[in-house]
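Undergrad: When you get a sec, could you give me coordinates for this:
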Amino acid sequence: MKKKILFVCIENSNRSQMSEAFAKMLGGENIGAYSSGSRPSGKINPKAIAAMKELGYDLSLHHSKSLDEVKQYAPFDAVVTMGCGDACPWMPAKQFIDWQIPDPKDMNEDDFRKVRDQIKDKVKDLLGSL
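TA: As a prediction, this is how the structure comes out:
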């Protein structure tokens, strides 16, 4: 049985998108990974696309989604939020986890990569715990 994880941030353009990508890369067939935003921007940050391309993942195939678009996949084994505070709505899930990850939107490439690598480590730990 696939484990389903939903990653939520505000714009669904950076952190939650990279988290979804890493869950797919590291979890393979055993993981159903989804991401959405409480106020989706409608686009993926080009910096996120570039940062993931360095690791061989094409993030340009993703699109920025609202919570309404992913609620059909509920219930989730885990919902991971990233500092969206009160804007994070409730979704049926076994567990809720909040990752305090800074929004890398306006960071330079090196700092953006650090956030990307932090997300990768957190996703790896999460997959190990499910």
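
Undergrad: which sections of the protein are below the confidence cut-off?
TA: 84-89 (pLDDT under 70).

Undergrad: ok, which stretches of it are strands?
TA: 3-9, 31-37, 76-81, 93-98 (DSSP state E).

Undergrad: so which of these is the most packed in?
TA: strand 3-9 (a mean of 25; mean count of other Cβ atoms under 10 Å). C-beta here means a position set from N, CA and C on the backbone, and glycine is covered the same way.

Undergrad: ok, and the closest non-adjacent residue to residue 77?
TA: Excluding its sequence neighbours, the residue lying closest to residue 77 (Cβ to Cβ, 6 or more residues apart in numbering) is residue 3, at 4.5 Å.

Undergrad: Next one: that neighbour from residue 83, what distance?
TA: 23 Å (Cβ to Cβ, to the nearest Å).

Undergrad: likewise residue 35?
TA: With distances taken as Cβ to Cβ, residue 35 is found 14 Å from residue 83.

Undergrad: No further questions, thank you.
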